[in-house]
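1. kindly generate the corresponding structure for this input.
(2 chains)
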Amino acid sequence: MYTQSFNVQDTPGAKAVASVQSKEDPALQAAFDARIDADGRIEPQDWMPEAYRKTLVRQISQHAHSEIVGMLPEGNWISRAPSLKRKAILIAKVQDEGGHGLYLYSAAETLGTSRDQMLEGLHSGRAKYSSIFNYPTLTWADVGVVGWLVDGAAIMNQVPLCRCSYGPYARAMVRVCKEESFHQRQGYEALLVMMTGTAEQKAMVQDAVNRFWWKCLAMFGPPDADSPNSLQGMRWGIKRISNDDLRQKFIDATVPQAKVLGVTLPDPDLKWNEERQHFDYGQIDWDEFWATVNGNGPCNKERLATRVKAYSEGAWVRDAAMAHARKQQERSMKEAA
Amino acid sequence: MSAAVDYLLHLADNALVLGQRNAEWCGHGPILEEDIAQSNVSLDLIGQARLLYQLAATLKGGAVTEDQLAYFRDTHEFRNYTLLELPHHGPLSGYASSSLDYGTTIVRNFLYSALMALLWEALEKSANADLAAIAAKSLKEVRYHLRHSRDWLVRLGDGTDESHARSQASLDHLFPYTQEFWAHSPAEAAAVEAGIGVDLNTLKADWDAIVDAALAEATLQRPTAGGYVSEGKKGIHSEHLGFLLAEMQSLARAHPNGVW
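-> Purely as a prediction, here's the structure:
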């Protein structure tokens, strides 16, 4: 699942993708521009401007980090899933997110950055991931709401990425989107069932919607007016639809779903605008969004420390696999000699 | 009828309890590929548990469901091997905590998968046709689990000094619990008598061969069996199962009339 818009810079020290005009070979640059203009695909062996490469590494690795950090809030409920069927669905879902992380790290590796380098960025706190995962999952209903709203928002962001100009990323996204749309329907279905249950269950669903609604709207990133990097992303065919347009699309799609579900979306300003043919909505709290992106959300420290713990405590296992592989190779060379 | 139900619950509890344990790795694996692998093993086991509980529920009749069997039976009613409920670390008291240890996970998955690869194959010939069908499905899955855990056992045993020492320690800790596989239980005896179940002692020589070959390749020493023989399959468990079930069952029990 993913994510806020792709204009969140890694901090500190990660260099902004500054120079739009590459100083490299003008003939190569012209060929690259022509390919982009013709809506063609850039492949790993093709020449590309350094700024394009850096932007993609940052975006794809942020996306991959979001997938694996995103395993934690949902994984939080695997052990307590209230039925065996829901337990199996949830494990499969969280496992899918791990799989997305795997495809995305692999896609980013085609740009010349290793998975270890990317993980080092995450573990040191330099690299960003989707801020939505810095909020806690407090009840079982959160699992359904994360599927319905968080994955729903992610799909809005991700479907256009299937047409991204960078081939390996675009192809990874085709599969990711299929799985995400399945997760979204599973989440919604889980909530529909709960809404046929007891009063406590219905209250649990409403409470989860109340806590996640505004955070999901912020997932699309700052308003277009405050997103200077978006334009370059669009020029390169990495970003296809603006933050505000995606957010509007998500709201318009979600309001009728909330009605069918029987929950209220916690925004008194949410109403249909006949003239715009869209729903109007209230003010998003961007201060809170930036505070969370910059490390001060309720779970930032826990999420990062948990990732670091898993990685450092698993070092001996990875070392063992490498040592065994080396020994095997030595043995087979000895036999051949 | 009761012999079949008791036997099915033993098989189902084994699958559920180990599935619940292995799912603890989801999001915490030593490497992303292994995180995904353990989730997959866990999914297979929970899938097996569901089929077995559903069959047991059908045989019990009335309004019994798979979830009632999983969520509304207490510790002493569970019939899984004690081996499968132990936490993913070395010997500690029930309320002590420790980090997850992948060596423990791999050794346990290996010892149990080696048994189940043989047992599911034998149960394909069970007099209960539904159980035979579940066995056929489960056999395909457990062969993967065995291959996966055996490969890692060899990597850990043969890998570094640290991984060798850690996997040997896990083996020393867990191996005595495998004595329970071969110990008599009334439920198994009744199932064998009814032609539904399999006498595990007929599989022991094959299990020994699988284990010994893997340990030799992993350069690990097989511990000498002996000492306490656990009795989880008779409902007498370690301190750890109570905590596992308390967590697993908490939400379902907080909302006994809930629909999920």
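2. only C-alpha atoms for contact and neighbour calcs from this point on.
-> Noted.
3. how about the residues of the stretch 151-260 of chain B near chain A?
-> Contact residues, the stretch 151-260 of chain B versus chain A (C-alpha under 8 Å from any C-alpha of the partner chain): B:152, B:155-156, B:158-160, B:162-163, B:247-252, B:257-260.
4. buried ones from those, can you make that a ChimeraX selection?
-> Only the buried entries of these go into this ChimeraX selection, using 16 or more other C-alpha atoms under 10 Å in any protein chain shown:
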select /B:152,155,156,158,159,160,163,248,249,250,251,252,258,259,260
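5. please list all residues in contact with the residue in the stretch 101-250 of chain A positioned nearest to chain B.
-> Distances between the stretch 101-250 of chain A and chain B by C-alpha to the nearest C-alpha are smallest at A:G197, namely 5.3 Å. The contact partners of A:G197, taken as C-alpha atoms under 8 Å, 6 or more residues apart in numbering or on different chains, are B:257-260.
6. check the secondary structure at A:W272 for me.
-> With DSSP: H, G, I helix; E, B strand; the rest coil as the basis, A:W272 sits in strand.
7. biggest helix in chain A by residues?
-> The residue-count maximum for a helix in chain A (DSSP state H) belongs to helix A:167-194.
8. can you list the buried residues in that one?
-> Those would be A:167-174, A:176-177, A:179-181, A:183-192, A:194, for helix A:167-194 by 16+ other C-alpha under 10 Å.
9. just those residues that are near chain B?
-> Within the buried residues of helix A:167-194, those near chain B by C-alpha under 8 Å from any C-alpha are A:190, A:194.
10. hmm, back to that, and the contacts of A:G197, which two are the farthest apart?
-> Distance extremes for the contacts of A:G197: the farthest pair is B:N257 and B:W260 at 9.8 Å, using C-alpha to C-alpha.
11. circling back to that earlier point, show me which of the contacts of A:G197 is closest to A:K309.
-> When the contacts of A:G197 are compared for distance to A:K309 (C-alpha to C-alpha), B:W260 comes out closest, at 33.2 Å.
12. hmm, the closest one is touching A:M195, no?
-> No - using C-alpha atoms under 8 Å, B:W260 is not in contact with A:M195, being 9.4 Å away.
13. can you tell me which residues contact the residue of the stretch 101-250 of chain B found nearest chain A?
-> Nearest to chain A, among the residues of the stretch 101-250 of chain B, is B:G159, at 4.2 Å (C-alpha to the nearest C-alpha). Counting by C-alpha under 8 Å, 6+ apart, B:G159 touches A:319-324.
14. redo that, cut-off 10 Å
-> B:G159 sits next to A:316-328, B:152-153, B:218-219 when contact means C-alpha atoms under 10 Å, 6 or more residues apart in numbering or on different chains.
15. just B:W182 next, same as before
-> Applying C-alpha under 10 Å, 6+ apart, the residues near B:W182 are B:199-204, B:229.
16. which positions within stretch A:316-335 qualify as buried?
-> Across stretch A:316-335, burial judged by 16+ other C-alpha under 10 Å covers A:316-321, A:323-324.
17. now do it, average pLDDT.
-> Mean per-residue pLDDT for stretch A:316-335: 96.
18. which residues of the stretch 151-300 of chain A lie near chain B?
-> The stretch 151-300 of chain A has residues A:189-201 near chain B, with proximity defined as C-alpha under 10 Å from any C-alpha of the partner chain.
19. okay if I get the residues you listed as a markdown table plus distance to A:D280?
-> As requested, those are exported to a markdown table (distance: C-alpha to C-alpha, whole Å):
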| residue | distance to A:D280 |
| --- | --- |
| A:E189 | 27 |
| A:A190 | 28 |
| A:L191 | 25 |
| A:L192 | 26 |
| A:V193 | 29 |
| A:M194 | 29 |
| A:M195 | 27 |
| A:T196 | 30 |
| A:G197 | 32 |
| A:T198 | 33 |
| A:A199 | 31 |
| A:E200 | 31 |
| A:Q201 | 30 |
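20. picking up where we left off before, out of the buried residues of stretch A:316-335, which comes closest to B:I46?
-> Taking C-alpha to C-alpha as the measure, B:I46 lies nearest A:V317 of the buried residues of stretch A:316-335, at 25.8 Å.
21. wait, that closest one touches B:D158, no?
-> No - with contacts counted by C-alpha atoms under 10 Å, A:V317 stays clear of B:D158, the gap being 11.6 Å.
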